[in-house]
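1. A predicted structure for the sequence below; I have some questions about it.
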Amino acid sequence: MKALGIQVRGSSIEGAIVDTERGVILTKPYQIAVEAILQAKDITRAARQIARHFEWYGLVGCGFPAVITHGFARTATHIDKAFINTNINELLTKTLGVTTYCINDADAIGIVEIAAGEGRGLEGTIVLVTLDTGLGTALFVNGKLVPNTELGHILLENGLEAETMMRQLLLSDCSPRSAKWAEMWNLYLARIEQLFWPDLFILSGSAGHRLPEFIDLLAFKTPVVAAAMHDQACLVGAAIYAGMEAEHLKRLSQKAAI
């Protein structure tokens, strides 16, 4: 199956056609720069441009920077607060004229890692952590997503919210080889380890890119690997998610017809 994957970021919205079964991009990604803070008109305009660019009239999946439950956005950390309680699925489906499924951006990144990356075929508990505009997480148990975990907002022993601390670290001049990087990542990942006892951590985004520079400074039991896919992981995972949702709906319709 093919689907158009779209990822919404703080500074751009990007799309590409994806093979949802293999988890690979089939076209050169098309990116549109946007102004912060993102509003509905920015996202709908960009989505139209992306669909028009690919002359796409099929299934669409969108990785969105918010908690998404039953198609509704429930948070708006890095986007316009007006998105809260907006049915994002419905908004984009009406905008594009085709069925669109939206998913939390970190969950989308996690889906592609489980489907075609470092978590493929693995059992147990896997926690993906991605660091870019914010600190996102995705939790999987035996390959099944536990959606919208938002573990970037937990408070650590030093009293700071994890996302606030990590963003300060990312924006600082500290080298990943510095004691500060090691201290912060040990503090955060050790806390997640204490709460969930995962079998594997997968780091994505800036953390994944820089992991080789500080991995030997980490001091907890859980193995850590860098994500297999980085820049377009969110749009690929969103496309895979859309394919999964479409298949699920198809099976439900077939059962109802029997």
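-> Done, it's in. Numbering: from 1, shown residues only.

2. And for the nearest residue to Arg9 once chain neighbours are set aside, the neighbour number?
-> Nearest non-adjacent residue to Arg9, counting by CB to CB, 6 or more residues apart in numbering: Thr133, 6.5 Å away. To be clear about C-beta, it is placed using only N, CA and C from the backbone, and glycine gets the same treatment. Counted with other CB atoms under 10 Å, the neighbours of Thr133 add up to 18.

3. Tell me where the stretch 151-258 of the chain has helices.
-> 162-171, 179-196, 205-214, 233-257 (DSSP state H, counting those that start in this stretch).

4. Gly110: which of those is closest?
-> With respect to Gly110, and counting by CB to CB, the nearest of these is helix 233-257 at 6.9 Å.

5. Could you pull up the mean pLDDT of the closest one?
-> Helix 233-257 shows a mean pLDDT of 87.

6. Tell me what angle it forms with helix 205-214.
-> 120 degrees (axes from the mean of the first three to the mean of the last three CA atoms, to 10 degrees).

7. Would you mark the buried spots in helix 233-257?
-> 233-246 (16 or more other CB atoms under 10 Å).

8. give the contact list for the residue most central in space within the chain.
-> The centroid of the chain falls nearest to Ala106 when counting by CA atoms, centre = their mean (2.3 Å). Residues in contact with Ala106 (CB atoms under 8 Å, 6 or more residues apart in numbering) are 128, 130, 136-138.

9. and it, what helix or strand is that in?
-> In the assignment (DSSP states H and E), Ala106 maps to helix 105-116.

10. Please pull up the helix or strand immediately following that helix.
-> Using DSSP H and E, the first helix or strand after helix 105-116 is strand 125-131.

11. Give me the residues contacting that following strand.
-> Residues contacting strand 125-131 (CB under 8 Å, 6+ apart): 106, 109-110, 113-114, 119, 135-141, 151-152, 166, 170, 188-189, 192, 196-208, 227.

12. Outline the domain layout of the chain.
-> Partitioning the chain according to automatic domain parsing yields domains covering residues 2-107+232-257, 118-226.

13. which of those is buried the deepest?
-> Highest mean neighbour count among the domains of the chain (mean count of other CB atoms under 10 Å): domain 2-107+232-257, with a mean of 19.

14. start to end distance for it?
-> This stretch, domain 2-107+232-257, spans 26 Å end to end (CA to CA, to the nearest Å).

15. Give me the below-cutoff pLDDT ranges for the chain.
-> Along the chain, the parts satisfying pLDDT under 70 run over 258.

16. let's go with 80 and repeat that
-> By pLDDT under 80, the low-scoring segments of the chain are 10, 35-36, 77-78, 133, 171, 173-174, 176, 248-258.

17. Send me the helix holding Ala106 as PDB with only the CA atoms.
-> Extracted C-alpha coordinates of helix 105-116, given in PDB (Å, rounded to 0.1, in the frame of the first residue of the first chain):
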ATOM      1  CA  ASP A 105       4.700  12.900  16.000                       C
ATOM      2  CA  ALA A 106       6.800  10.900  18.500                       C
ATOM      3  CA  ASP A 107       4.500   7.900  18.200                       C
ATOM      4  CA  ALA A 108       4.900   8.200  14.400                       C
ATOM      5  CA  ILE A 109       8.700   8.100  14.700                       C
ATOM      6  CA  GLY A 110       8.300   5.100  17.100                       C
ATOM      7  CA  ILE A 111       6.100   3.200  14.600                       C
ATOM      8  CA  VAL A 112       8.600   3.300  11.800                       C
ATOM      9  CA  GLU A 113      11.400   2.100  14.200                       C
ATOM     10  CA  ILE A 114       9.300  -0.800  15.300                       C
ATOM     11  CA  ALA A 115       8.100  -1.600  11.700                       C
ATOM     12  CA  ALA A 116      11.400  -1.200   9.800                       C
END
